[in-house]
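S.K.: Fold the following for me, if possible:
(chains A and B)
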Amino acid sequence: MDFILIAVAVLGAIGLIAALVLYVCSKKFAVYEDPRIAQVTEQLPGANCGGCGFAGCGGLADALVKGADAGSLDGLMCPVGGQDVMSKVADLLGMAIANGEPMVAVVRCNGTCEHRPKIAEYSGLRTCAAMNACGAGETACGFGCLGCGDCVAACQFDAIHMNPETGLPEVDEEKCTSCGACVKACPRHIIELRKKGPKGRKVFVSCVNKDKGPVAMKACKAACIGCGKCEKECAFGAITIQGNVSYIDFNKCRLCRKCVAVCPTKAIHAVNFPAPKPKEEKEEQA
Amino acid sequence: MNVRTFRIGGVHPEENKLTHDAVTQVAALPKQAIFPLSQHIGAPAQPVVAKGDKVKVGTLIAEAGGFVSAPIFSSVSGTVFKIDTAIDATGYRKPVIIINVEGDEWEETIDRSDKLEKVAAHPELTPEEIVNRIKKAGVVGMGGACFPTFIKLCPPPTAKAECVIINAVECEPYITADFRLMMEHADEILVGLELLMKGAKVTKGYIGIETNKMPAIELLTQKCEEVFGKSEYDVEVVPLKQRYPQGGEKQLVDAVIRRQVPAPPAIPVNVGAIVQNVGTAFAVYEAVMKRKPLFERYTTVTGKKVKNPGNFLVRMGTPMKDLIEACGGMPEGDNKLLAGGPMMGKALTSVEVPICKGTNSVTIISGEEAFRKEPNPCIRCAKCVSACPMGLEPYLLAKLAAVQNWERAENEQVVSCIECGSCQFTCPAHRPLLDNIRQAKTTVMGIIRSRAAKK
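M.R.: Numbers count the residues shown, from 1 in each chain, chains lettered A, B, ... in the order given. Here you go, the predicted structure:
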């Protein structure tokens, strides 16, 4: 019987001492953390994708709370949560937040297998970065998609996939959070974050080939040849031609689609418009 | 014979020196010559001609675009057709000057005689004058890296040159251009070496040659005795054991003078050595003594299935297809076209790419050999670690690159990698080690540069 009593007493004493030590430590070495950080973190999506520019959601929450104390939330934005999450966070911190437009990743290459025949076979490491370092890749276009899917690997939201038929990545606009990971991953800088547009409607040049017209055409039938027809057609000054390739400024574009009609190589794509034409099928391969 | 080699790593690929005995032929003039503005390490050259200008052989067509840069000279006479873009050895379209060839008229200042000019007969050649003439003639390292030669001769104040090492190793399989050059122009090379030594203000010189080039070793040893025997210069021909990548500067310094070049940014001159390719020595001779700028070079066109592989003295700007035609054309079936040898050469997707200052070989790998084998999982054999001549751990670097752990890759000295490919060559699982490591090296170097820019 004694054994049990001794054991209980000894264990009880150890437990008591340990509890005391822990109590003292927790008081003495306590680090104050703003409770709002935890609250904000709870509101954030928790994907830790880094799309905001911070190491993870905790980093952004920290910056948001500090920003609120300093009186401004400018430049802090969770692209994944978007407007909904940010307004909740702003409420929590008692701040107003500017309205940002929802964005989406857009792949600006239309060099499908059909438009852009292979001229060589690459048998090295199958990543876009490695292939880009070796030269122009398997086709004659030194600007277009390399098709190894670095963007697919970079996406944390399963929002971009290779289409085996075209050899090009396709963005799932429902899932895309515009975190920009694919934009950074693409060694050819083909992917761009553009305004999602009303009902997802947008017009963009699906080519970044800076070669002169004839050279670009030789490499890919769907290349922008920098002819300038779209620039002349645009009534809103949204289109500029720089380095033999046309670019549509999405802040100026009014989605009239006149440029789409005049483009001789069909390099300008209009997507998510109601389809009078059956060829709208290829809208998302963009 | 006392045969030396470098102490860490290395491999011995099949030599395949098919053109060993093929006497150098003069390649035919091209119809149109293409001059990329970026044929060297450093800033691209700036064109000084315009469309329609008449040029002669040896006319300056583009001047140096910065301190680390080199001017470019026309190798043909004719009319400037246009300044445009064309695919160069990087695989991308880059700015080029295209010249339509008409006749073969040379600048009068170039001495075209065969007479051997000796340094002793030209007292006006001070070290400064030599360096200046090398700089003006656009001479760059002819071994492939194309670093402007004059910069190597002017070491930074923190380093002191003690010797000039001539790199006549030619450890890449297939290539024989340097060997043929040594057999055909030994006297000129030795004058070039003397100029390099005088320019760098040193009296000690070495010529490192691998023992698969015995005739060259014998010839140069004998000529060195004749030329330098009674002079102030002490030149030694060093026979080296066949081992790749002995032609790498750091490996050669270790093999010849038993000194290890520290990690980057250290360069061989930090341990007292200035390494110059044997082709560079010849180019220096021509530039200084004959006032002939760099516009020709020795190039091997080779491949197991090529009908008549050979060595050529070729004008720069000649498209590779002209040389391939001269050797009997592209073999049937799948081919891999390389600018350079099979170990470090750059695969190309166009035969229109011109011969540049650094094109020491056009190698055509045919059929099955052209394809890589399917990679298998790493079996932890550590062959790559034994093979790495820089003492790195390729399997680890490749893995770090694959998971994009750049910080650790930097700590593991990825920037020391010389991209020789020994790891990939030796890997029994055919893993794409170098592809990964090169990626990490490029990224880490970018990180280091941006960090330095911030400071």
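
S.K.: phi, psi of the closest residue to residue A:172 other than its chain neighbours?
M.R.: In this structure, residue A:172 finds its nearest non-sequential neighbour in residue A:159, 4.7 Å apart by C-beta to C-beta, 6 or more residues apart in numbering or on different chains. Every residue, glycine included, has its C-beta placed from N, CA and C. Dihedral pair for residue A:159: phi -100, psi 0, per degrees, to the nearest 10.

S.K.: how many neighbours does residue 43 have?
M.R.: In the absence of a named chain, this looks at chain A. Number of residues near residue A:43 (other C-beta atoms under 10 Å in any protein chain shown) recorded here: 20.

S.K.: could you do chain B instead?
M.R.: Look at residue B:43: counted by other C-beta under 10 Å, it has 15 neighbours.

S.K.: again with the one 4 residues further on
M.R.: Residue B:47 sits with 19 neighbouring residues when counted by other C-beta under 10 Å.

S.K.: check contacts around it.
M.R.: B:37, B:61, B:62, B:83, B:95, B:97 (C-beta atoms under 8 Å, 6 or more residues apart in numbering or on different chains).

S.K.: Max pairwise distance over these: which two?
M.R.: Greatest spacing in these, by C-beta to C-beta: B:61 and B:95 (12.2 Å).

S.K.: quick one: which of those two has more around it?
M.R.: Comparing residue B:61 with residue B:95 by other C-beta under 10 Å, the one with more neighbours is residue B:61, at 23 against 18.

S.K.: three-state assignment of that one?
M.R.: strand (DSSP: H, G, I helix; E, B strand; the rest coil).

S.K.: Can you pull up the most central residue in chain B?
M.R.: residue B:143 (1.5 Å; C-alpha atoms, centre = their mean).

S.K.: interface residues of chain A facing chain B?
M.R.: Neighbours of chain B within chain A, by C-beta under 8 Å from any C-beta of the partner chain: A:119-121, A:123-125, A:127, A:129-130, A:133-136, A:140, A:142, A:211-212, A:215.

S.K.: Narrow the residues you listed to just the buried residues.
M.R.: Neighbour-count burial (16 or more other C-beta atoms under 10 Å in any protein chain shown) is assigned, among the residues of chain A next to chain B, to A:120, A:124-125, A:127, A:129-130, A:133-136, A:140, A:142, A:211, A:215.

S.K.: So for whichever residue of the stretch 51-200 of chain A sits closest to chain B, what's the nearest residue that isn't a sequence neighbour?
M.R.: At 2.0 Å from chain B, residue A:135 is the closest residue in the stretch 51-200 of chain A, using C-beta to the nearest C-beta. Spatial nearest neighbour of residue A:135, excluding adjacent residues (C-beta to C-beta, 6+ apart): residue B:91 at 2.0 Å.

S.K.: can you count the residues close to that neighbour?
M.R.: 22.

S.K.: Kindly check the end-to-end length of stretch B:326-334 for me.
M.R.: Using C-alpha to C-alpha, to the nearest Å, the end-to-end distance of stretch B:326-334 comes to 20 Å.

S.K.: Kindly report the same for stretch A:75-86.
M.R.: Its start and end residues considered, stretch A:75-86 measures 12 Å (C-alpha to C-alpha).

S.K.: try stretch B:338-355
M.R.: 12 Å.

S.K.: try stretch B:395-409
M.R.: This stretch, stretch B:395-409, spans 11 Å end to end (C-alpha to C-alpha).

S.K.: for it, the distance to its chain's centre please.
M.R.: Offset of stretch B:395-409 from its chain centre (C-alpha atoms, centre = their mean, to the nearest Å): 29 Å.

S.K.: One more: stretch A:21-33?
M.R.: The answer for stretch A:21-33 is 42 Å, by C-alpha atoms, centre = their mean.

S.K.: What of stretch B:423-438?
M.R.: Relative to its parent chain, stretch B:423-438 has a centroid offset of 23 Å by C-alpha atoms, centre = their mean.

S.K.: So which bits of it are buried?
M.R.: Applying 16+ other C-beta under 10 Å to stretch B:423-438 flags B:423-427, B:429, B:431-438 as buried.

S.K.: how about the buried ones among the residues of chain A next to chain B, which pair is most distant?
M.R.: A:125 and A:215 (28.1 Å).

S.K.: Can you find the helix or strand in chain A with the smallest mean pLDDT?
M.R.: Ranked by mean pLDDT, DSSP states H and E, the helix or strand of chain A with the weakest confidence is helix A:82-93, at a mean of 82.

S.K.: Give me the spatial nearest neighbour of residue 243, chain neighbours excluded.
M.R.: Assuming you mean chain A. residue A:210 (4.4 Å).

S.K.: Correction: the question concerned chain B.
M.R.: Using C-beta to C-beta, 6+ apart, the closest residue to residue B:243 is residue B:10 (4.3 Å).

S.K.: And residue B:117, by the same measure?
M.R.: residue B:289 (3.9 Å).

S.K.: quick one, phi psi at that neighbour?
M.R.: Main-chain dihedrals, residue B:289, degrees, to the nearest 10: phi -90, psi -30.

S.K.: my guess is residue B:427 meets residue B:386, correct?
M.R.: No. The pair residue B:427 / residue B:386 is not scored as a contact, 11.4 Å apart, by C-beta atoms under 8 Å.

S.K.: which secondary structure element contains the closest residue to chain A within the stretch 51-200 of chain B?
M.R.: Taking C-beta to the nearest C-beta as the measure, the point where the stretch 51-200 of chain B comes nearest chain A is residue B:91, at 2.0 Å. Assigned by DSSP states H and E, residue B:91 belongs to no helix or strand.

S.K.: Pull the contacting residues for it.
M.R.: Counted by C-beta under 8 Å, 6+ apart, residue B:91 has contacts A:134, A:135, A:136, A:142, B:346, B:347, B:348, B:349.

S.K.: just residue B:306 next, same as before
M.R.: Applying C-beta under 8 Å, 6+ apart, the residues contacting residue B:306 are B:324, B:327, B:328, B:331, B:364.

S.K.: and of the residues you listed, the nearest to chain A?
M.R.: For the contacts of residue B:306, the residue nearest chain A by C-beta to the nearest C-beta is residue B:364; the value is 13.8 Å.

S.K.: Pull up the gap between residue B:344 and residue B:145, please.
M.R.: Here the criterion is C-beta to C-beta, to the nearest Å. By it, residue B:344 lies 10 Å from residue B:145.

S.K.: Looking at the two, which is more packed in?
M.R.: residue B:344 (20 against 14).

S.K.: Report the secondary structure state of the more buried one.
M.R.: coil.

S.K.: Touching, it and residue B:172? I think so.
M.R.: Yes. Under the criterion of C-beta under 8 Å, residue B:344 makes contact with residue B:172 at 6.6 Å.
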